[in-house]
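In: using only what follows, build the 3D model:
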Amino acid sequence: MKGNPPNRAQFHLYRQQLENLINPKHPLCTLAKHIPWHELEDHFTDLYHHTGRPAKPIRLMVSLLILKQLYDLSDETIVERWVENPYFQFFSGETVFQWEFPCHPTDLVYFRKRIGAEGVQKIFQVSIDLHGNKAKEKEVLVDTTVQEKNITFPTDTKLYKRIIEQCVSIAEKEAIELRQSYRRTTKKLMCAQRFRNHPKNKKKAVAAQRKLKTIAGRLVRELERKLPASSLGRYAQQMKIFQQILEQKRNSTNKIYSIHEPQVYCISKGKDHKKYEFGSKASIVVTKKSGIIVGAVHFSKNKYDGHTLPETLTQTTEFVGRRPTVAICDRGYRGKRTIDGTAIEIPKNLGKKATTYQKQKARKGFRRRAGIEPIIGHLKSDYRLD
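Out: You can find the predicted model right below:
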C-alpha cells in the first residue's frame with residue numbers, strides 16, 4: 001500500500017521546525033524546491049496496492065536514493081547519516097527534526113526492485129529536466145567506460161575456491177554428508193598461489209590450481225549424486241554455472257569470472273596502467289558546452305563502441321526531447337558517419353584542401369571532446385559508477 005507523506009501543517013511542541021534550523025540557501029534546500037516531487041509520486045503510485053500495510057512515502061525513498069548517489073554512500077550509511085543531518089531530512093520532506101531511522105537499509109533494496117530500471121531512468125530524466133534548455137544542445141560528446149567489479153587475478157583459481165565453498169554450504173543446508181569438506185586443503189592450496197608469477201613459485205602454484213579444480217569437480221559430482229530430485233531442481237542454475245566454470249579454458253569465449261554475477265566479462269580498453277578490466281560496458285553522453293550528462297546506457301555484452309551509438313542516442317533523444325545533430329567521439333567509433341540523422345565526428349586528417357579555419361574548428365571540437373574523460377573519472381570515483 002502506498003505510504004502517505006508527513007503532515008507539514010502539524011506543529012510539534014518539543015521539536016523546532018527544520019526551516020528555522022537550516023540555511024535556506026544550502027544546495028540541498030535549493031534542489032528540494034526545484035525537483036517535481038508530485039510528478040515522481042504520480043509516476044510510482046501505480047506500483048503500489050490500494051490495501052495492506054502502508055509503505056514508506058515515495059518522496060522519502062526517492063530522496064534517499066538521490067542522496068546515496070550524490071554523496072557516494074552505502075544503504076546502511078545513508079540511513080545513519082539521515083538521522084544526523086537536518087538538510088537530508090528537509091530534502092526528504094520532513095518538517096521537524098527526526099530522531100529515528102527513516103527506514104531499514106534493506107527497504108532501499110526492495111524499493112529499487114520495485115521501481116526497476118524504468119523507475120531509475122525516470123529519476124534520471126527528472127534530473128535532466130532541471131537544467132531546462134541547457135540540456136538541449138545540438139552537439140554532444142559520447143564515450144564508453146567500464147563499470148568494474150571486484151574481480152582480481154588469478155580469476156580461475158578463486159572461482160574454484162568459491163565452487164568448493166558453495167558446494168560445502170549447499171551440503172550443510174540440505175543435511176548431506178560429504179566424504180570430505182576440504183577446508184584445510186583449500187586453505188593450503190590458496191596459500192601456494194602467493195607470488196605465483198615468480199619463477200620459483202610458478203610450478204607450485206599451477207599444481208595447486210590444478211588440484212583445486214579437481215576438488216571442485218569432485219564436490220559438484222558428489223552433490224549431483226546425493227541431492228534429492230526436488231532439491232536438485234532448485235540448484236540447477238547454480239550447478240550449470242559450476243559446470244561451465246570447470247569446463248572453460250584460458251582462451252574460451254563467454255567465460256564466467258564471477259559466480260554471483262555471471263554476466264561480467266573481460267574488457268580490454270588499451271590502457272597502459274590497466275590492460276584488462278572486468279565488468280560491463282557503459283556509454284555516457286554529455287552536452288558539449290554545458291557538460292550536462294544527458295545519457296547513460298549499460299550493455300550486457302561487450303559491443304564495439306560504434307555499435308553502442310544507436311541505443312545511446314535513442315535514449316538521449318527520449319530524455320532530452322530532441323535528437324542531437326552531431327555526436328563527437330574518439331577513434332574507437334570508426335565506422336558509420338551518420339546514425340538516424342546524427343552526424344558522427346571523429347578525429348581525422350582533413351587533407352590539404354581544408355582551410356585554416358576548418359582545421360582550427362575541428363581541432364577545437366576534438367579538444368573539447370576530451371572533456372568527457374574527467375567527467376567519467378568523477379562518476380567512477382565520486383558517484384558509485386566504479
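In: and the helix or strand containing Glu118, how far out from the chain middle?
Out: Using DSSP states H and E, Glu118 maps to helix 105-129. Helix 105-129 sits 13 Å away from the centroid of its parent chain (CA atoms, centre = their mean, to the nearest Å).
In: so what secondary structure elements neighbour that helix?
Out: When contacts are defined as 3 or more CB pairs under 8 Å, 6 or more residues apart in numbering; DSSP states H and E, helix 105-129 sits against helix 37-44, helix 58-70, helix 75-84, strand 293-299, helix 309-320. In this view, the C-beta of every residue, glycine as well, is placed from N, C-alpha and C.
In: what's in contact with the second one?
Out: Right, helix 58-70. For helix 58-70, contacts defined as CB atoms under 8 Å, 6 or more residues apart in numbering pick out 2-3, 5, 32, 37, 40-41, 44-45, 73-75, 78-79, 81-82, 88, 91-93, 102-103, 107-108, 111-112, 120, 123, 383-384.
In: swap in stretch 253-265?
Out: So stretch 253-265 is in contact with 149, 151, 155, 159, 162-163, 166, 238, 241-242, 244-245, 248, 266, 278-280, 300-302, going by CB under 8 Å, 6+ apart.
In: same question, stretch 238-250
Out: 156, 159-160, 163, 166-167, 170, 213, 216-217, 220, 223-224, 232, 255-256, 259, 262.
In: tell me which residues in the worst-scoring helix or strand of the chain on mean pLDDT are buried?
Out: Least confident helix or strand, the chain: helix 356-369 with a mean of 87, by mean pLDDT, DSSP states H and E. Neighbour-count burial for helix 356-369 flags Ala362, Gly365, Phe366, Arg369 (criterion: 16 or more other CB atoms under 10 Å).
In: quick one, the following helix or strand past that helix and strand 293-299 angle?
Out: Sequence order places helix 372-382 as the next helix or strand after helix 356-369, per DSSP H and E. Orientation of helix 372-382 against strand 293-299 (axes from the mean of the first three to the mean of the last three CA atoms, to 10 degrees) gives an angle of 70 degrees.
In: tell me which strands and helices helix 372-382 is in contact with?
Out: With contacts taken as 3+ CB pairs under 8 Å, 6+ apart, helix 372-382 sits against strand 139-148, strand 277-287.
In: could you dump those strands to TSV with mean pLDDT, distance to Gln209 and mean neighbour count?
Out: Below are the helices and strands packed on helix 372-382 laid out as TSV (pLDDT from 0 to 100; distance: least, CB to CB, whole Å; neighbours: other CB atoms under 10 Å):
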stretch	mean pLDDT	distance to Gln209	mean neighbour count
strand 139-148	94	24	22
strand 277-287	94	18	21
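In: which of the ones you listed sits closest to Lys187?
Out: The minimum distance between Lys187 and the helices and strands packed on helix 372-382 falls on strand 277-287, with 24.7 Å, by CB to CB.
In: chain center to that closest one, what's the gap?
Out: 10 Å.
In: so where is the stretch 51-200 of the chain shaky, pLDDT-wise?
Out: For the stretch 51-200 of the chain, no stretch is flagged by pLDDT under 70.
In: repeat the analysis, applying 90 as the threshold.
Out: Applying pLDDT under 90 to the stretch 51-200 of the chain flags the ranges 51-54, 97, 148-155, 194, 197.
In: got the buried residues of helix 356-369 as CSV, with distance to Ala135 columns?
Out: Output for the buried residues of helix 356-369, formatted as CSV (distance: CB to CB, whole Å):
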residue, distance to Ala135
Ala362, 25
Gly365, 19
Phe366, 22
Arg369, 18
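In: show me which pair in those residues is furthest apart.
Out: Applying CB to CB across the buried residues of helix 356-369, the maximum distance is between Ala362 and Arg369, 10.7 Å.
In: returning to that earlier point: now the contacts of helix 58-70: which count as buried?
Out: Among these, those classed as buried by 16+ other CB under 10 Å are 2, 32, 37, 40, 44, 73, 75, 78-79, 82, 88, 91-93, 102-103, 107-108, 111, 123.
In: I'd like the helices and strands packed on helix 372-382 as CSV, with distance to Thr325 appended.
Out: Below are these laid out as CSV (distance: least, CB to CB, whole Å):
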stretch, distance to Thr325
strand 139-148, 7
strand 277-287, 12
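In: nearest to Leu130, of those strands?
Out: Closest among the helices and strands packed on helix 372-382, using CB to CB: strand 277-287, at 13.6 Å.
In: relative to helix 356-369, how tilted is that closest one?
Out: 130 degrees.
In: each with direction, which strands does strand 277-287 pair with?
Out: strand 139-148 (antiparallel), strand 265-267 (antiparallel), strand 293-299 (antiparallel) (DSSP bridges).
In: hey, C-alpha coordinates of it in CSV?
Out: Output of strand 277-287 as CSV, limited to C-alpha atoms (Å, rounded to 0.1, in the frame of the first residue of the first chain):
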residue,chain,number,x,y,z
GLU,A,277,39.1,-4.6,-16.8
PHE,A,278,36.4,-7.0,-15.5
GLY,A,279,32.9,-5.6,-15.5
SER,A,280,30.4,-4.4,-18.1
LYS,A,281,30.5,-1.6,-20.7
ALA,A,282,28.6,1.7,-20.2
SER,A,283,28.1,4.6,-22.6
ILE,A,284,28.0,8.2,-21.3
VAL,A,285,26.6,11.2,-23.2
VAL,A,286,27.5,14.8,-22.2
THR,A,287,26.5,18.1,-23.7
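In: over to the nearest residue to Glu165 once chain neighbours are set aside: give its phi and psi.
Out: Leaving aside its chain neighbours, Glu165 sits nearest to Thr186 (7.8 Å; criterion: CB to CB, 6 or more residues apart in numbering). Phi and psi for Thr186, reported as degrees, to the nearest 10, are phi -60, psi -40.
In: thought Lys213 was touching Thr186, still the case?
Out: No - using CB atoms under 8 Å, Thr186 is not in contact with Lys213, being 11.8 Å away.
In: low pLDDT regions in the stretch 251-386 of the chain?
Out: In the stretch 251-386 of the chain, residues with pLDDT under 90: 251-254, 260-263, 268-277, 300-302, 332, 335-336, 347-354, 356, 358-367, 384-386.
In: noted, bye for now.
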